[in-house]
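A.B. asks: Next one to model:
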Amino acid sequence: MLRRMPPFALVIALSVVVIASCNYKGEEPTKEKDFAVSASVKTAIGAAGSTFVNPIMTKWIGAYEQAHPGTLVNYRPIGSGAGIDALKQSTLEIAASDMPLSDEQLKETFPLIQVPVTAGAVCAVYNVPGLKNPLRFSAATLAGIFMGNIISWQDPAIGRDNPGVPLPHAAIIVVHRSEGSGTSSIFTSYLARVSSEWSKRVGSGLMVKWPVGIAAQGSTGVLDFVKQNAGTIGYAELNYAVEQHLPVASIQNRAGAFVAPSAASTTAAVQAFDQELARDVRASIVDPPASAKDAYPIAGLSFFLIARDGSDAVERQAIRDFTQYVVSGGQELSEGLAYARLPKPVQDHALSLLSEMQVNGQPVKST
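C.D. replies: Residues are numbered from 1 along each chain as shown. I've put the predicted structure just below:
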């Protein structure tokens, strides 16, 4: 039992008050066309959505614009949910989402194509001072923490996952996203897969009713709060955690191995679902089977959502060209970041989806 509040818990308490009393913001939404376009730019593509893909999206845009100086791609990492909403309102051309729309959801909007563009890991980030090695969590322990059933860093479940590790006499403070988030969708999909209690009480999606925790805006909001407050745990895309120098936990997969998030372990997760992805590229890749011994269990594909038809021929051609580059040559940029390249069958499927793009009812040509 905790006999008294440790010093850093006072910081947590004060931080909770601050967040509760202030409008804590990360990425700020703005009007899609409110950005300067120089006279040399012939085509501007508005895009927004996933914070998960923002690091590699920045690389894609830089490389593409350098090779195509007449095209400007403006991307805002406002969260998958907000990106999808903006696309439905026709205020942008590409929405990036880490949760593709289901058949039922597609019936509620104009015809869309959903093109897979990358895969990445969602990791558990934490701030526990004094540890020499990364923590390890079984599926049951991680679900117990975010469910609020495990409330102390000295809980026996954490001790069993981390034998001999000196854990502090401190409460666990959970941090989660406040807005509709594809990162949340991947993370909660995993928790729903491995925990029947989570599945029944919480479920999965861009937004859920979190049982416990503090809400922060955007990936940057979650990471900033974890970084500034000892005793906290949250979740974020791996590249963000690496950039902020925050430790990430190894998660036990179905093979019984504790696997660290990485490009290689994410690739192993994608490959474990070859057959499912061949049938439907929207298939979830969380919690791979025990045969995938090297697979990290919390990973997901990210998608570009694009209107099937449009009226501006030049703009439609630019959208197809940019997305085609991302799916093909742009995959090479994964090497410098912690994303996994799309396997060749998934790339081929993505390119076939792009062939469905139209302008005024006519196919948009491949370049």
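
A.B. asks: what's the single longest strand in this protein?
C.D. replies: strand 112-126 (DSSP state E).

A.B. asks: Quick check: can you name the pairing partners of the helix or strand following that one and their directions?
C.D. replies: Using DSSP states H and E, the helix or strand that follows strand 112-126 in sequence is strand 136-137. Sheet pairing of strand 136-137 (DSSP bridges) gives strand 250-252 (parallel).

A.B. asks: Next, report how far the strand it pairs with is displaced from the centre of its chain.
C.D. replies: In terms of C-alpha atoms, centre = their mean, to the nearest Å, the centre of strand 250-252 is found 18 Å from the chain centre.

A.B. asks: Show me what whatever helix or strand comes next after it packs onto, helices and strands only.
C.D. replies: Sequence order places strand 258-259 as the next helix or strand after strand 250-252, per DSSP H and E. Secondary-structure packing of strand 258-259 (3 or more C-beta pairs under 8 Å, 6 or more residues apart in numbering; DSSP states H and E): strand 250-252. For the C-beta atoms, the positions are set from N, CA and C on the backbone; glycine is no exception.

A.B. asks: Just the mean pLDDT for the strand it packs on, thanks.
C.D. replies: Per-residue pLDDT over strand 250-252 has a mean of 98.

A.B. asks: CA atoms only: put stretch 49-67 into PDB for me.
C.D. replies: What follows is stretch 49-67, C-alpha atoms only, in PDB (Å, rounded to 0.1, in the frame of the first residue of the first chain):
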ATOM      1  CA  GLY A  49      -5.300  13.900 -40.300                       C
ATOM      2  CA  SER A  50      -3.200  11.300 -38.600                       C
ATOM      3  CA  THR A  51      -0.400  12.500 -36.300                       C
ATOM      4  CA  PHE A  52       0.900   8.900 -36.500                       C
ATOM      5  CA  VAL A  53       2.100   9.400 -40.100                       C
ATOM      6  CA  ASN A  54       3.300  13.000 -39.700                       C
ATOM      7  CA  PRO A  55       7.100  12.300 -39.400                       C
ATOM      8  CA  ILE A  56       7.200  10.300 -42.600                       C
ATOM      9  CA  MET A  57       4.600  12.500 -44.300                       C
ATOM     10  CA  THR A  58       7.000  15.400 -43.800                       C
ATOM     11  CA  LYS A  59       9.700  13.400 -45.600                       C
ATOM     12  CA  TRP A  60       7.400  12.400 -48.400                       C
ATOM     13  CA  ILE A  61       6.200  15.900 -49.000                       C
ATOM     14  CA  GLY A  62       9.800  17.300 -49.000                       C
ATOM     15  CA  ALA A  63      11.100  14.800 -51.500                       C
ATOM     16  CA  TYR A  64       8.000  15.000 -53.700                       C
ATOM     17  CA  GLU A  65       8.000  18.800 -53.900                       C
ATOM     18  CA  GLN A  66      11.700  18.900 -54.700                       C
ATOM     19  CA  ALA A  67      11.000  16.600 -57.700                       C
END
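
A.B. asks: Just the buried positions in it, please.
C.D. replies: Going by neighbour count (16 or more other C-beta atoms under 10 Å), the buried part of stretch 49-67 is 49-57, 59-61, 63-64.

A.B. asks: and if you look at stretch 275-282?
C.D. replies: Of the residues in stretch 275-282, those buried (16+ other C-beta under 10 Å) are 277, 281, 282.

A.B. asks: Kindly reformat these as TSV containing pLDDT.
C.D. replies: Converted to TSV, the buried residues of stretch 275-282 look like this (pLDDT from 0 to 100):
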residue	pLDDT
277	94
281	94
282	95
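
A.B. asks: Nearest to residue 191 among the residues you listed?
C.D. replies: residue 282 (19.4 Å; C-beta to C-beta).

A.B. asks: in what helix or strand does the closest one lie?
C.D. replies: Per DSSP H and E: nothing holds residue 282, as it lies in no helix or strand.

A.B. asks: show me the residues around the residue nearest to it when sequence neighbours are not counted that make contact.
C.D. replies: Distance criterion C-beta to C-beta, 6 or more residues apart in numbering; nearest residue to residue 282, sequence neighbours excluded, is residue 100 at 4.2 Å. By C-beta atoms under 8 Å, 6 or more residues apart in numbering, the contact set of residue 100 is 114, 281, 282, 301, 303, 305.
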